[in-house]
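S.K.: got a structure for you, letters missing:
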């Protein structure tokens, strides 16, 4: 995943490219970057952002690194996702793509997301085994991170999303 060694002088554009979850982490931990009033420029450094929002730059760096480590644990390879889903476990494979994308092609046995289904999922036991996929993996990472923060302990997202799963020959 991330190969950039970040510090207080890291430019935000470099940070976001190397740590895609950094914006989510900054908003969650510091209420920075989630809206226009608390946003930042791609040319700002972490120190610049911290100063604008009266935050500690080193604390931001540490929090981003810790959040990245937690999110990295949420990824599952397409091969492992399919093996887990197919091995008779109670894992649920959830397709987060649009209804049109699901109708065009999906993984056999996957369940399409809908608003009512998303609400139902949030009532499931927190130890439910849930594997999420979307078109590129980033949307499912957002959902997995949210669910993990909400207390789900066995939620993962497929690295590479639907195309990576389809490449394994599981498309229907």
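M.R.: It's in. On a predicted model such as this, the values are computed, not experimentally measured, just so you know.
S.K.: Double-check that residue 131 belongs to a helix.
M.R.: No - judged by DSSP: H, G, I helix; E, B strand; the rest coil, residue 131 forms no part of a helix; its state is strand.
S.K.: List the residues that contact it.
M.R.: Shown in contact with residue 131 (CB atoms under 8 Å, 6 or more residues apart in numbering): 76, 81, 84-85, 91-94, 155-158. Quick note: C-beta positions are derived from backbone N, CA and C, even for glycine.
S.K.: For the residues you listed, give me JSON lines that also has pLDDT.
M.R.: Compiled in JSON lines, the contacts of residue 131 are given as follows (pLDDT from 0 to 100):
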{"residue": "76", "pLDDT": "97"}
{"residue": "81", "pLDDT": "95"}
{"residue": "84", "pLDDT": "92"}
{"residue": "85", "pLDDT": "92"}
{"residue": "91", "pLDDT": "94"}
{"residue": "92", "pLDDT": "96"}
{"residue": "93", "pLDDT": "96"}
{"residue": "94", "pLDDT": "97"}
{"residue": "155", "pLDDT": "97"}
{"residue": "156", "pLDDT": "97"}
{"residue": "157", "pLDDT": "97"}
{"residue": "158", "pLDDT": "97"}
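S.K.: From these, pick the one nearest residue 110.
M.R.: Nearest to residue 110 among the contacts of residue 131 is residue 93, at 4.4 Å by CB to CB.
S.K.: That closest one is in contact with residue 109, isn't it?
M.R.: Yes - with contact defined as CB atoms under 8 Å, residue 93 reaches residue 109; the gap is 6.2 Å.
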